[in-house]
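Colleague: Provided below are the primary sequence and the corresponding predicted coordinates.
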Amino acid sequence: MPLIKNGQIADDPWIAVAEGETIPATGAVLVPYSVWERQRETLLSRNTPIGIALANDQPPALIEADIARFELIALNFPTFKDGRAYSQARLLRERHGYTGELRATGNVLRDQFLFLQRCGFNAFEVTTPDGAAAWGAALAEISVTYQPTADGRTTASLRRQSRPAAA
């Protein structure tokens, strides 16, 4: 699957390790929370980048104590109708102060790109090879926002407040 990171197609250096698979001795690994929970000390002793994949029913508070150890947190969208990963992303960025790569995986659609970015995602696994072009188009479609979010855009109300008063 193509990976879009910071608006560009990117190589994915991460090795995804599924439940029950052997963790490779070298390289950046992305493990599910269950593997992290059972093999935490082994993973930390590797001295290589660690990423964690949270299911959409696992709250970010589960990894709060170790959040600084993860260079990647992947959040899954099992269907386009399930938006729990949006909430997880906002919690990770705004409450827990996570600054690393936040990746959307699973059923990620072009129509969601702008909203995903607004919630704090900066990397996306997409199913179409033209994902980068779609990404750029999606970000340009909406220029005014009303809600403050993790992306730092100025909201419409703040724009109105900062306009000079009419004479």
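Modeller: Great, that's in hand. Numbering: from 1, shown residues only.
Colleague: going forward, measure contacts between C-alpha atoms and count neighbours the same way
Modeller: Noted.
Colleague: Residue 59 and residue 90: what is the separation?
Modeller: Per CA to CA, to the nearest Å, residue 59 is found 11 Å from residue 90.
Colleague: Give me the more crowded residue out of those two.
Modeller: residue 90 (22 against 16; other CA atoms under 10 Å).
Colleague: My read is that that one contacts residue 117, right?
Modeller: No. Residue 90 is beyond contact range of residue 117, at 10.2 Å (criterion: CA atoms under 8 Å).
Colleague: now do the same end-to-end measure for stretch 22-29.
Modeller: Stretch 22-29: ends 11 Å apart by CA to CA.
Colleague: Mind listing what's buried along that stretch?
Modeller: 23, 28, 29 (16 or more other CA atoms under 10 Å).
Colleague: again with stretch 9-26
Modeller: 9, 15, 16, 17, 23.
Colleague: Out of the residues you listed, which sit inside strands?
Modeller: Of the buried residues of stretch 9-26, the ones assigned to strands by DSSP state E are 9, 15, 16.
Colleague: in the sheet, who's paired with the last one?
Modeller: In this case it means residue 16. Beta-bridge pairing for residue 16 (DSSP bridges): residue 30.
Colleague: Tabulate the buried residues of stretch 9-26 in TSV, adding columns for distance to residue 121 and pLDDT.
Modeller: Shown next, in TSV, are the buried residues of stretch 9-26 (distance: CA to CA, whole Å; pLDDT from 0 to 100):
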residue	distance to residue 121	pLDDT
9	15	81
15	20	95
16	19	95
17	21	95
23	26	91
